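Student: could you work out the structure for the sequence below:
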Amino acid sequence: MCVVCALGCLLCVGVSPAGADWTTYHGDAALTGVDHSSGSPLPFAPAWTAPGLTGNVWAEPLVFGGLVIVATENNDLYAFNEATGAQAWHVNLGAPVVASSLPCGDISPTVGITSTPVINPFTATLYAVADLRSGSSASHALFAVNARTGAVQFSRSVEPPGDIPLNQLQRESLTLDQGRVLVGFGGNDGDCAQYKGYLVSAPANNTGANAVYTVPTTREGAIWSGGGAPAVDAFGNVFVPTGNAASSSPQSYDHGDTLEKLSPLGAELDYWAPSSWAQDSANDADLGSVSPELLPGNLVYQGGKNGNGYLVSTVNLGHIGGELFSAPVCNSFGADAYLNGVLYVACTSGVHALSIDTTNHRFSVLWKGPADANGPPIIAGGLVWAAATGSSKLYGLDPVSGTVRVSQPTPGMEHFATPAASDGRLFLATGTTLNAYTIAAAAAAALPPSTPPAAKPRPRVCRAAVRITLRVPRHQRIVRATAYRGRRRLLVRRGRTLRRVYVRRLGTGRITLRVLEVPRPGRRFRMTVRVRNCHEVMPRRRPRR
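Tutor: All right, here's what the predicted structure looks like:
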């Protein structure tokens, strides 16, 4: 465990190993799409199939606590045992909307849960947005569900104010940010009828009002990302792209075809748009089809439908034409994946690998995968995985060369389908089925001993209890304290005196506490960290001033 404060103090101890879950679209808030819980590759093999889901699956599967969870267009949530495929629980959240009642669209026969839900692993709460039939109209509701049991904890409306519910599709995947659930809205396929792009920020604890960012256009400007999700950086800033909007005049910029930087409450902090925004918006060649990808060095990569890739500074987006670098790449939908300086881009012409130079702000194409490997890629078990949504196939590609290592026929799947991975298995939703494949050994799995033990030892569960206490003198304040495990944010707190206790299975890696503070001459800063891990207790220490 490591604690870092603004004064430069650093303190580290280890925490116990545990399996990694896949609790949000593409695995983490930065949308890296990397599974860190799979170890040495194993020969690829189908593991199990869960057939007969009552509704098509457009969302990515999630993995939590040994369960694989999928959402359907019938407003069903299913949980299956990660190892065996046995059903653990099932809940229906209400009657879905009949597709024929919508002004247009490509989801049929019903529209229910389209976006990928999100799970808070520290409260074991799953959040999903259901499109509910309400007479001849519809409504969008956020449900909080116990991820272990399927019990519904609460529901609340996330309908954007002044919208026409039948005209709005909640396609973008959900994400969590500083105690808020972020919910993106656009229109139905075909851009018919009157709709706008919205990002609704709802309190995850069901206390307080929703906040809403509305794209400042007269119509369109969808926030949908091809089913991807908002990207959230280490400070809680939200990055979302918008689709083509009403204006196609360079003199009347209306934030269509734009990368927006927002606060967790939806306040606009900054924005960027390509110089070609007006032409792109007029030709439906906008940025809104793919999620941003946060990169090291305060960079974000943004693709879209005009065929170009862009590197933009997350510190200063630069407004119109302010990108750091751009070059032709491909038409892109969904989300990309990033690992060790290489970005794997979801392209309609097959996944492309880009070498990213974060120092000189450049990228170049390393390789191009099979032309039909067009689903948003992830990285797991030593391979890059991408679905061929048109030809019903799953590819495993060599991350260095793009050579096909696995080619597995699958049932038909929906647009922009993307797999999830955890503990040596890959999970892919195909229509009304969920498929599991063995791809690697679980990272935490131990090798068998050369000599069998005389008696099987009793399993030992190690938990780390981390107590973090921050105190500053009266009239001083801490602006923000954020705790991380790797790149995953655990909590954010604000205030003059902060106190928090964890008792969680924290997993391998390090816990980092970052503190943003308002200093004054002569101020004092005290910090206490206590870790309990299988009865090993780190003594109290004080950082230097």
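Student: ramachandran angles for Ser101?
Tutor: With angles defined as degrees, to the nearest 10, Ser101 sits at phi -80, psi -10.
Student: per-residue pLDDT, the residue nearest to it when sequence neighbours are not counted?
Tutor: Ranked by C-beta to C-beta, 6 or more residues apart in numbering and with sequence neighbours excluded, the top spatial neighbour of Ser101 is Leu166, at 6.5 Å. Bear in mind the C-beta positions are built from the backbone N, C-alpha and C, glycine included. pLDDT for Leu166: 97.
Student: hang on, isn't Leu166 packed against Leu102?
Tutor: Yes - Leu166 lies in contact with Leu102 (C-beta atoms under 8 Å); the separation is 5.7 Å.
Student: if we can go back for a sec, got phi/psi on the residue nearest to Ser101?
Tutor: The phi/psi pair for Leu166 (degrees, to the nearest 10) is phi -70, psi -20.
Student: what is the burial count for it?
Tutor: Using other C-beta atoms under 10 Å, Leu166 has 21 neighbouring residues.
Student: who's in contact with it?
Tutor: Residues near Leu166 by C-beta atoms under 8 Å, 6 or more residues apart in numbering: 97, 101-103, 137-138, 193.
Student: let's have those residues in a markdown table, adding secondary structure, pLDDT and distance to Glu73.
Tutor: What follows is the contacts of Leu166, written out as a markdown table (DSSP: H, G, I helix; E, B strand; the rest coil; pLDDT from 0 to 100; distance: C-beta to C-beta, whole Å):
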| residue | secondary structure | pLDDT | distance to Glu73 |
| --- | --- | --- | --- |
| Val97 | strand | 98 | 9 |
| Ser101 | helix | 96 | 14 |
| Leu102 | coil | 96 | 12 |
| Pro103 | coil | 96 | 18 |
| Ser137 | strand | 91 | 18 |
| Ala138 | strand | 96 | 13 |
| Ala193 | coil | 95 | 20 |
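Student: what subset of those is buried?
Tutor: For the contacts of Leu166, a burial check counting by 16 or more other C-beta atoms under 10 Å picks out 97, 102, 138.
Student: which one of these sits closest to Arg156?
Tutor: Distance to Arg156 across those (C-beta to C-beta) is lowest for Ala138, with 16.0 Å.
Student: hey, what's the closest one bridged with?
Tutor: Arg133 (DSSP bridges).
Student: looking at it, it is touching Leu132, isn't it?
Tutor: Yes - counting by C-beta under 8 Å, Ala138 touches Leu132, with 6.5 Å between them.
Student: joint contacts of those two?
Tutor: Common contacts of Ala138 and Leu132 (C-beta under 8 Å, 6+ apart): Val97.
Student: which SS state does Ser281 fall under?
Tutor: helix (DSSP: H, G, I helix; E, B strand; the rest coil).
Student: ok, and the closest non-adjacent residue to it?
Tutor: Asn244 (4.2 Å).
Student: how about that neighbour, what does it touch?
Tutor: 191, 220-221, 256-257, 280-286, 288.
Student: which pLDDT value goes with it?
Tutor: In this model, Asn244 is scored at 97, pLDDT.
Student: for the nearest residue to Gly256 once chain neighbours are set aside, give the beta-bridge partners.
Tutor: Leaving aside its sequence neighbours, Gly256 sits nearest to Ala245 (C-beta to C-beta, 6+ apart; 2.5 Å). Listed beta-bridge partners, Ala245: Glu220 (assigned using DSSP bridges).
Student: could you do Val70 as well?
Tutor: With DSSP bridges as the criterion, Val70 is bridged to Tyr78.
Student: show me what contacts Trp359?
Tutor: Quick fix: residue 359 reads Thr, not Trp. Gly297.
Student: let me know the secondary structure of it.
Tutor: coil.
Student: quick thing: my sequence starts at 16, can you match it?
Tutor: Sure, I'll start counting at 16 from here, so that last one is Thr374.
Student: which pLDDT value goes with it?
Tutor: According to the prediction, Thr374 has pLDDT 95.
Student: what does Gly150 give?
Tutor: pLDDT, Gly150: 85.
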